[in-house]
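[1] Predicted coordinates and the sequence they were generated for:
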Amino acid sequence: DIQMTQSPASLSASLGETVTIECLASEDIYSNLAWYQQKPGKSPQLLIYDASSLQDGVPSRFSGSESGTQYSLEINSLQSEDAATYFCQQHHDYPPTFGGGTKLELK
Amino acid sequence: QVQLKESGPGLVQPSETLSLTCTVSGFSLTSYSVSWVRQPSGKGPEWMGRMWYDGDTAYNSALKSRLSISRDTSKNQVFLKMNSLQTDDTGTYYCTRDGPLTTSFAYWGQGTLVTVSS
């Protein structure tokens, strides 16, 4: 199985700041990477697919990028509603696998 | 609009079989694939298996010996059955649907909490 190593496990940031969450794939996944946001007690919501394509309805302050097997989610101009846990997921090979998650707290 | 809703027992005895139903609306099961994904409390999700739009199935090899996914297209339902449940099978179980442009999970049900305990 492809391993997805996500970092950091948690971070704290202030309103208006920019944060970056990273995900390292154990092998080439050819940009087949998705990012999800999950709030407590809720289902995950797709933010980005194919590494950098924004899902319909997702604010443009969310963006994704890649460099080799390293993938990044950037959130600009943090809003209070961005406090959540974020997961990456590869959909290149079976089984689809997820990262361990990053919990984002707003100061 | 696209909706998925899981249903099933909240409590299952160890060694028993879990049966869950995903009832969908707003799309056809013969046009889109539905996956089951589970998530232990405080951990990352785990993909369990997929019912393809053409009726084929795919399973996580870690669960394949215990898992079966089927469907009834006339009722817009996808079913999950998993036997020999243990306490580490406790978690929230979701059904999900692929997006129109991606095989990642664009739509999720609300999830159903399954607790394995005697």
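    Arrived safely. All of these numbers come straight from a predicted model, not from anything done at the bench.
[2] The residue nearest the centre of chain A sits in which helix or strand?
    Central residue of chain A (C-alpha atoms, centre = their mean): A:Trp35, 3.8 Å from the mean position. Per DSSP states H and E, A:Trp35 falls inside strand A:33-38.
[3] tell me which strands and helices whichever helix or strand comes after that strand is in contact with?
    The first helix or strand that comes after strand A:33-38 along the chain, using DSSP H and E, is strand A:45-49. With contacts taken as 3 or more C-beta pairs under 8 Å, 6 or more residues apart in numbering or on different chains; DSSP states H and E, strand A:45-49 sits against strand A:33-38, strand A:62-67, strand B:105-108. Quick note: C-beta positions are derived from backbone N, CA and C, even for glycine.
[4] Next, the angle from whichever strand or helix holds A:Leu73 to strand A:33-38.
    Assigned by DSSP H and E, A:Leu73 belongs to strand A:70-75. For strand A:70-75 against strand A:33-38, the angle by axes from the mean of the first three to the mean of the last three C-alpha atoms, to 10 degrees is 40 degrees.
[5] Pairing partners for strand A:70-75, with directions?
    strand A:19-25 (antiparallel), strand A:62-67 (antiparallel) (DSSP bridges).
[6] in the shortest one, what counts as buried?
    Taking 16 or more other C-beta atoms under 10 Å in any protein chain shown as the basis for neighbour counts, the residues of strand A:62-67 that come out buried are A:62-64, A:66.
[7] Using CSV, lay out the residues you listed together with pLDDT.
    Listed next are the buried residues of strand A:62-67 as CSV, based on pLDDT from 0 to 100:
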residue, pLDDT
A:Phe62, 98
A:Ser63, 98
A:Gly64, 98
A:Glu66, 97
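[8] export these to JSON lines and tack on distance to B:Ser104?
    Below are those laid out as JSON lines (distance: C-beta to C-beta, whole Å):
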{"residue": "A:Phe62", "distance to B:Ser104": "15"}
{"residue": "A:Ser63", "distance to B:Ser104": "16"}
{"residue": "A:Gly64", "distance to B:Ser104": "12"}
{"residue": "A:Glu66", "distance to B:Ser104": "15"}
